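In: sequence first, then the predicted structure, then my questions.
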Amino acid sequence: MSTLAVENASVDYGSTTAVTDVSLAVNSGELVAVLGPSGCGKTTLLLAIAGLLPLATGSIRVGDRQLSTPGATVPPEKRGIGWVPQEASLFPHLSVAENIGFAVPGGRASRAARQARDARIAELAELVGLGGFLGRAPNQLSGGQAQRVALARALAPRPDVLLLDEPFAALDTQLRVGLRREVAELLREQGTTALLVTHDQEEALTLADRVAVMRDGELAQFGTPEEVYQQPASDWVARFVGDVVELDGEWRHGRVTCALGAVEAAAVGFTPRDGERVRLMLRPEWIIPRPDMLARAAAGADARVTGISYAGHDAMLTCDLVTGSRVRMRLPAVELPHVGDELRLAVQRPGLAYSAA
Ligand SMILES: Nc1ncnc2c1ncn2[C@@H]1O[C@H](COP(=O)(O)OP(=O)(O)OP(=O)(O)O)[C@@H](O)[C@H]1O
């Protein structure tokens, strides 16, 4: 597999620019998720990488091959790029084996070439867990099985780069979670360089080595899942990637004085003056209860639990602060407080301060 380098790429639909000046380098064997809300340009970027749309500016390279520049686009079938679409879109009149082998040369060639092709089809069917399904027709497969065939078909010609366009979106929740984990493991085992488009934050954070967050055609942040979640580059990224607790406050000496007390914080993207109004953002699990009496003296704020949303492994608590604000706090569902309990809340790691302007 090879590296994929997208540099300053812009893509237009007539007078509408759908992708603006995006630069993205995917290392060999890396799985990168392109995450963003509907209409932000994810699919357009993928189509340009696949060679189905021309670039208005910039370039796309795989390894040392220049594949797209404005005015020159290597056609899709010559780019060495595989595509797994949202719905499997298998050829209905072909068997599973014929679908997998569709893009593998050798069908009408010598006996040795045919044998190599059949071996590749069998190997891939095994790889995606469908070794016993080679003779089946697509209409005899479940949605998850069809999507596995689509993955095997895309991997069969040994592409340099694999593009996956929301491949799990059409599957029900349980199947989606299981299949996406399997697929990520398989891609890692194969050392596949892959770009996965999704609008599902959890999918991006759990599967990818790095996440490219897109907004309105631009790259809003490109980093590891931890970076994107713990150090969002803007308040928009913070809100889009996960739950946030937002409080207005005043910046003073590296702390934000707000309804939760004087909370230590890092300013993101600006240098606040002492006394400046800022917006503090916290993840709900950064807030913890301090039920012990000693905590009374510690920084924090008194609160009453007003709601609990139980999710099995953890729970989201809604707490009303005596100062009048409301915050949400995520706790492991081991020993949970009850609605009506009074707690003292503290923040266990520095929050993020964004400009209130
Ligand atoms: N063929 C087209 N002609 C004109 N504009 C288009 C065309 N296809 C997409 N667009 C516009 O380009 C922008 C990006 O669309 P794109 O499909 O890339 O977004 P997306 O992030 O993949 O969205 P979704 O998650 O809903 O699939 C949108 O504003 C869309 O309306």
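Out: Received the coordinates, thanks. Predicted model only: the values in this text are computed from it and were never measured.

In: near the ligand, which residues of the protein are found?
Out: Neighbours of the ligand within the chain, by CB under 6 Å from any ligand atom: Y13, T16, A18, G36, S38, G39, C40, G41, K42, T43, T44, H199. In this view, the C-beta of every residue, glycine as well, is placed from N, C-alpha and C.

In: surely R188 is in a helix?
Out: Yes. Assessed with DSSP: H, G, I helix; E, B strand; the rest coil, R188 lies in a helix.

In: which strands and helices sit next to the helix or strand containing R239?
Out: R239 belongs to helix 235-240 when assigned by DSSP states H and E. The contact analysis (3 or more CB pairs under 8 Å, 6 or more residues apart in numbering; DSSP states H and E) places helix 235-240 against strand 210-215, strand 218-223, strand 277-282, strand 351-355.

In: kindly reformat the ones you listed as CSV and extend each row with mean neighbour count and mean pLDDT.
Out: What follows is the helices and strands packed on helix 235-240, written out as CSV (neighbours: other CB atoms under 10 Å; pLDDT from 0 to 100):
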stretch, mean neighbour count, mean pLDDT
strand 210-215, 23, 97
strand 218-223, 19, 97
strand 277-282, 22, 96
strand 351-355, 22, 95
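
In: and G269, how many neighbours?
Out: Other residues near G269 number 12, with proximity taken as other CB atoms under 10 Å.

In: now do the contacts for the closest residue to it other than its chain neighbours.
Out: Sequence neighbours aside, S234 is the residue nearest to G269 in space, at 6.5 Å (criterion: CB to CB, 6 or more residues apart in numbering). S234 makes contacts with A220, Q221, V268, G269, Y354, as judged by CB atoms under 8 Å, 6 or more residues apart in numbering.

In: state the distance from S234 to L219.
Out: Here the criterion is CB to CB, to the nearest Å. By it, S234 lies 12 Å from L219.

In: same check, this time on Q230
Out: For Q230 relative to L219 (CB to CB), the value is 19 Å.

In: what's the answer for I49, then?
Out: For I49, the distance to L219 - CB to CB - is 14 Å.
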